[in-house]
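**Q** What shape does this take:
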Amino acid sequence: MLNSRIGTVEAIMLILTNIVTHTILSLPRNILSTQKSASILNLIYVGIFAIFIAYLIFKLFKNFPGLDILDISEIIGGKVFKNIIGVLFIAFFIITSSILLRNFCESIKIIYYPMTNISYILAIFVIAICIANRFDFSATLKTNLIVIPFLLASMIFLFFTNINKFVPQRAFPILGEGAFNTFVLGLSNLGAFGGIAYLYFLPPLLQEPDKFKKISLISIGITVIYLILSVATLLFMFSFFVSINEITPLYSATRYIEFGTFFQRLESIFLLVWILVFACYLSIVTKFAMIILKKVVNIETTSPLIDIFGLLVFAIALFPKNYTISQEIETSVYPHLVIGIVICLGLGILVIANILRQKQKTVLNN
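**A** Numbers count the residues shown, from 1 in each chain. Alright, predicted model coming up:
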C-alpha cells in the first residue's frame with residue numbers, strides 16, 4: 001500500500017496535523033462562543049473523553065492485528081459494506097479538507113491579497129499537493145515531522161509572549177453558562193478531534209504496530225494541551241472576542257507580540273508556518289483518500305488518482321458561493337460529521353466486529 005511504513009513519531013505528527021489545522025481557523029472561536037468562561041474546563045473534560053475514545057479504539061483493534069477498519073467492515077458485512085464505509089471516509093476526508101482549504105485561502109486573501117480571485121489562491125495549494133503526492137509518501141511525512149513541532153512550539157511561544165496581557169479573571173465564572181452547557185452540550189466539542197479518523201487506517205501501515213497504543217494516546221494528549229493553550233490565549237487576551245468576526249482568531253493574538261522596537265509584526269512568520277502545515281495536511285488527507293479508494297476498487301497504483309483528487313478538492317472548495325457559507329459548513333457541519341462518522345460509526349463497527357469475534361470463539365470452544 002505504501003513504499004515505506006509509517007514510523008511512530010511520524011504517525012503522531014500525522015494525527016496532530018489534522019487537528020491543529022482546524023485550530024488555526026475558527027475552532028478556538030467556536031469553543032469560546034459556546035462555552036464562554038468555561039472553555040478551558042470544557043476542553044479538559046472533553047479531552048478526557050477523547051483520550052478514552054483513543055484507548056478504546058486501541059483495545060477494539062487488538063483482536064484484529066494488521067487490519068484496518070475497511071478489512072473489519074468486510075468481516076462484518078462483506079465487500080458491499082466495506083465499499084460503503086470506504087466511500088463515507090473518502091467523502092469525509094475530501095469534503096472537510098476542501099472546505100477548510102477554502103476558509104484558509106479566504107483568510108490569506110483578506111489579509112494579503114484582497115483584490116485577487118480566490119480561485120488563484122486555491123489553485124496554488126492544489127498544484128502544490130498534486131506535486132507533493134507524486135513523491136513517495138515518506139517525503140510528506142518527513143516534512144510534516146519538521147513542520148508540526150514548529151507549529152506546536154509557536155503556540156507555546158504565542159502563549160508565553162502574550163502572558164503579560166492576560167486577564168485570568170476572564171475564566172470566571174468557571175462553569176460559564178452552567179453545568180449542563182459545560183458538561184452535556186459541551187460534549188459536541190468532541191468534534192474538534194477529527195484526527196481520530198486516521199487511527200482506523202494506521203494499524204497495517206505502521207513500522208511498529210505494537211506502538212499503536214502509544215501513538216493513539218500521545219497524539220490525542222498533545223492535542224488536548226494544544227487546544228487548551230490556543231483557547232486560553234484568546235480567552236485571557238480578548239474580553240469580547242466571541243463577538244468579533246475575526247477570520248483567523250489566533251492571527252489576532254500574533255499581532256500583539258513585541259520584543260522592543262526591533263522584533264515586531266511576527267505574524268508573517270506564523271502565517272508561513274501555517275501555510276506549510278496546510279500543505280502537509282492536504283497532501284496527507286488526499287493520500288489517505290487515495291489509499292482507501294485503492295483498497296475499495298482494488299487498483300494497483302494511486303498515481304492516476306493524484307490529479308483527479310486534486311481537481312476534486314479544487315471543485316469542492318469553489319462550490320460554496322461565499323466565505324459565509326463555507327465558514328458555516330466548517331463550524332456547524334464538520335463537528336457533527338466527526339461525531340457521526342468518525343466516532344459513532346467507527347466505534348460501532350469495531351464494537352460489532354468484536355462481539356461477532358467473541359461469539360465465534362464461544363462457538364468454537366463449545
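**Q** my guess is residue 342 contacts residue 93, does it?
**A** No - counting by CB atoms under 8 Å, residue 342 stays clear of residue 93, with 10.3 Å between them. All C-beta spots, glycine's among them, are computed from the backbone N, C-alpha and C.
**Q** what sits in contact with each of these two?
**A** Residues touching both residue 342 and residue 93 (CB atoms under 8 Å, 6 or more residues apart in numbering): residue 197.
**Q** quick one, strands of the chain?
**A** For the chain, applying DSSP state E gives strands covering 258-259, 263-264.
**Q** Check which helices and strands the helix ranked longest in the chain sits against.
**A** Longest helix in the chain by number of residues (criterion: DSSP state H): helix 69-111. Counting by 3 or more CB pairs under 8 Å, 6 or more residues apart in numbering; DSSP states H and E, the packing neighbours recorded for helix 69-111 are helix 8-24, helix 118-132, helix 267-297, helix 305-318, helix 323-328, helix 334-337, helix 346-365.
**Q** of all those, which gets the most neighbours per residue?
**A** Neighbour counts (mean count of other CB atoms under 10 Å) averaged over each of those peak at helix 8-24, with a mean of 24.
**Q** ok, back up a step: right, so of the helices and strands packed on helix 69-111, which gets closest to residue 42?
**A** Closest approach to residue 42 among the helices and strands packed on helix 69-111 (CB to CB): helix 334-337, 13.4 Å.
**Q** so where is the stretch 151-300 of the chain shaky, pLDDT-wise?
**A** The model of the stretch 151-300 of the chain has pLDDT under 70 over residues 239-247, 258-265.
**Q** give me that answer again for 80
**A** 238-249, 251-268, 300 (pLDDT under 80).
**Q** so who does residue 350 touch?
**A** Applying CB under 8 Å, 6+ apart, the residues contacting residue 350 are 57, 60, 61, 69, 72.
**Q** hang on, I meant residue 231
**A** Taking CB under 8 Å, 6+ apart as the test, what residue 231 contacts is 28, 31, 32, 39, 40, 43.
**Q** at 10 Å instead, please
**A** 23, 27-32, 35, 39-40, 42-43, 192, 249-250 (CB atoms under 10 Å, 6 or more residues apart in numbering).
**Q** now residue 230
**A** Counted by CB under 10 Å, 6+ apart, residue 230 has contacts 20, 23-24, 27-28, 31, 43, 155, 158-159, 249-250, 253.
**Q** Over to residue 86?
**A** Here residue 86 is in contact with 69-70, 73-74, 79, 289, 291-297 (CB under 10 Å, 6+ apart).
**Q** what do you get if the cut-off is 8 Å, keeping everything else the same?
**A** 70, 73, 292, 293, 295, 296.
**Q** Over to residue 208?
**A** 7, 8.
**Q** so how far is residue 162 from it?
**A** 39 Å (CB to CB, to the nearest Å).
**Q** swap in residue 67?
**A** For residue 67, the distance to residue 162 - CB to CB - is 46 Å.
**Q** same check, this time on residue 85
**A** Taken as CB to CB, the spacing of residue 85 relative to residue 162 amounts to 44 Å.
**Q** more neighbours, the two?
**A** Neighbour comparison, residue 85 and residue 162: the larger count goes to residue 85, with 24 against 18 (by other CB atoms under 10 Å).
**Q** quick check: angle from the longest helix of the chain to helix 267-297?
**A** 150 degrees (axes from the mean of the first three to the mean of the last three CA atoms, to 10 degrees).
**Q** any idea of the mean pLDDT in helix 69-111?
**A** When pLDDT is averaged over helix 69-111, the result is 92.
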